[in-house]
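sharing a model prediction with you, sequence too.
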Amino acid sequence: MSATSADTSPEELKRCCGRLYESDFAKLLLGDSFHPGGLKLTERLGSLMQLTAGVRVLDVACGTGASALFLARRFGCQVIGIDLSRQNVLRATEAAAAQGLSDQVKFQHSDAEQMAFSDGTFEAVICECAFCTFPDKNAAAHEFARVLCPGGRIGLSDLTRDQELVEQLKGLLAWIACIADAQPVQAYVECLRSAGFDRYEVEPHHEALIEMADQIRGKLLGAEILVGLKKLSLPGVNFVTAKELLKVALETIHDGRLGYTIIIASRPQLHGDEAASSRGDDARTIDTPRRR
Ligand SMILES: C[S@@+](CC[C@H](N)C(=O)[O-])C[C@H]1O[C@@H](n2cnc3c(N)ncnc32)[C@H](O)[C@@H]1O
């Protein structure tokens with residue numbers, strides 16, 4: 001993974017991202033929850049979004065389903081999770097079955113930039129630590145708005161930067177590690193605004209990123225030792241490249257130039273005639289995805 005993100009097509013960037021997060025390496029470094037703050041921060045996101053029983057939630061780029069399953073248990077929501085990695089979708093589906101949540105939580109393969117759901121299907125959309133990896137963020141933001149019903153809420157949690165990143169943090173590996181295309185908070189807000197969202201709430205959680213990065217450093221060193229002792233096999237993992245990236249990322253995170261932030265926004269409510277013509281659209285079950 002020595003190529004730069006500029007050399008790589010959007011489709012290849014997305015494929016590389018999917019491959020990394022379905023790998024044993026990702027599971028080893030990150031556990032089940034692939035974002036800073038883990039399920040504690042997912043709970044905070046759910047509370048800020050005022051999720052309640054029966055609310056239809058879409059978890060965009062759901063990884064192996066930890067957050068979707070947690071939201072169903074904690075708030076009683078109905079959740080659909082989508083991810084670009086078919087292997088993650090399979091693992092998430094198996095986890096739902098193992099937890100007896102198959103009726104309440106479903107997973108399917110889909111690209112966040114082009115989703116196969118009808119307009120207004122959901123009351124809430126979450127996207128944790130993944131928006132920063134989407135090559136076409138405007139397309140994804142418009143999809144979030146489209147699949148939400150009027151008054152529905154988007155909850156992003158993502159890496160943020162407050163100045164230009166150094167060159168070492170702009171390569172392909174840095175992109176799929178959620179760093180290279182992290183945006184300033186204001187840029188995320190503008191992206192959501194241009195997709196039609198309003199009423200923003202922003203809550204910084206930089207401490208969660210520091211904690212996660214420090215844990216990854218320890219786990220990476222542990223993994224390298226185990227691979228050296230032939231007690232662990234991680235084919236294709238280049239520890240030299242991974243450690244170089246992590247070193248610069250840690251400096252940048254500890255300096256406060258990279259952070260982690262929750263951003264909530266709403267799709268405006270409809271008024272008058274618009275509201276009347278959309279009535280009857282609010283059945284509480286999630287409909288079958290349409291083909292695109
Ligand atoms: C850092 S992980 C976050 C996973 C999950 N949200 C969590 O917090 O545990 C990023 C996830 O985004 C998925 N992904 C990347 N690009 C995607 C896209 N265009 N559409 C759907 N999923 C995507 C990857 O397959 C990966 O599972």
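Arrived safely. These numbers were taken from a predicted model, which means no experiment stands behind them.

only C-alpha atoms from now on, for both contacts and neighbour counts.
OK.

which stretches of this protein form helices?
With helices called from DSSP state H, the chain shows them at 10-21, 24-30, 38-48, 66-75, 86-98, 137-147, 172-176, 185-194, 206-228, 239-254, 272-278.

which regions of this protein sit below the pLDDT cut-off?
1-5, 272-292 (pLDDT under 70).

quick revisit: can you lay out the helices of the chain as a markdown table showing distance to residue 200?
Converted to a markdown table, the helices of the chain look like this (distance: least, C-alpha to C-alpha, whole Å):
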| stretch | distance to residue 200 |
| --- | --- |
| helix 10-21 | 28 |
| helix 24-30 | 29 |
| helix 38-48 | 11 |
| helix 66-75 | 22 |
| helix 86-98 | 31 |
| helix 137-147 | 14 |
| helix 172-176 | 26 |
| helix 185-194 | 8 |
| helix 206-228 | 19 |
| helix 239-254 | 25 |
| helix 272-278 | 22 |
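
of the ones you listed, which is nearest residue 161?
helix 185-194 (7.5 Å; C-alpha to C-alpha).

got the angle for the closest one vs helix 137-147?
If you take axes from the mean of the first three to the mean of the last three C-alpha atoms, to 10 degrees, helix 185-194 sits at 50 degrees to helix 137-147.

how about the residues of the stretch 51-200 of the chain near the ligand?
By C-alpha under 6 Å from any ligand atom, the residues of the stretch 51-200 of the chain that approach the ligand are 61-63, 83-85, 110-113, 127-130, 134.

let's see that with 8 Å instead.
Counting by C-alpha under 8 Å from any ligand atom, the stretch 51-200 of the chain comes close to the ligand at 59-67, 82-85, 88, 109-113, 127-131, 133-135, 176-178.

list the contacts of the strand ranked longest in the chain.
As assigned by DSSP state E, the longest strand anywhere in the chain is strand 148-161. For strand 148-161, contacts defined as C-alpha atoms under 8 Å, 6 or more residues apart in numbering pick out 45, 49, 119-132, 144, 178-179, 182-185, 257-270.

so how far is residue 236 from the residue nearest to residue 76 when sequence neighbours are not counted?
Using C-alpha to C-alpha, 6 or more residues apart in numbering and skipping residues adjacent in sequence, the residue nearest residue 76 is residue 53, 4.1 Å away. Note on residue 53: its distance to residue 236, by C-alpha to C-alpha, to the nearest Å, is 43 Å.

between these two, which has more neighbouring residues?
Legend: neighbour count by other C-alpha atoms under 10 Å for residue 53 and residue 236, higher for residue 53 (13 against 8).

what about stretch 26-46, distance to the chain center?
10 Å (C-alpha atoms, centre = their mean, to the nearest Å).

do stretch 13-31 as well
13 Å.

now it: buried residues?
13-14, 16-22, 25, 29-30 (16 or more other C-alpha atoms under 10 Å).

same list, the residues you listed, but as CSV with distance to the ligand please.
CSV is the format used below for the buried residues of stretch 13-31 (distance: C-alpha to the nearest ligand atom, whole Å):
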residue, distance to the ligand
13, 8
14, 5
16, 8
17, 5
18, 3
19, 7
20, 8
21, 5
22, 7
25, 13
29, 11
30, 9
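
for residue 140, which non-adjacent residue is spatially closest?
With C-alpha to C-alpha, 6+ apart, the residue lying closest to residue 140 is residue 113, at 4.3 Å.

residues contacting residue 141?
With the criterion set at C-alpha under 8 Å, 6+ apart, residue 141 makes contact with 113, 191-192, 195.

export the residues you listed as a markdown table, with columns for neighbour count.
What follows is the contacts of residue 141, written out as a markdown table (neighbours: other C-alpha atoms under 10 Å):
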| residue | neighbour count |
| --- | --- |
| 113 | 18 |
| 191 | 18 |
| 192 | 26 |
| 195 | 19 |
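
closest to residue 41 out of those?
Nearest to residue 41 among those, with distances taken as C-alpha to C-alpha, is residue 192, at 21.0 Å.

give the contact list for the closest one.
Residue 192 touches 138, 141-142, 198, 265, counting by C-alpha under 8 Å, 6+ apart.

how about residue 115: what's its closest non-neighbour residue?
Closest to residue 115 by C-alpha to C-alpha, 6+ apart is residue 143, at 6.9 Å.

do residue 254 as well
In this structure, residue 254 finds its nearest non-sequential neighbour in residue 210, 6.7 Å apart by C-alpha to C-alpha, 6+ apart.
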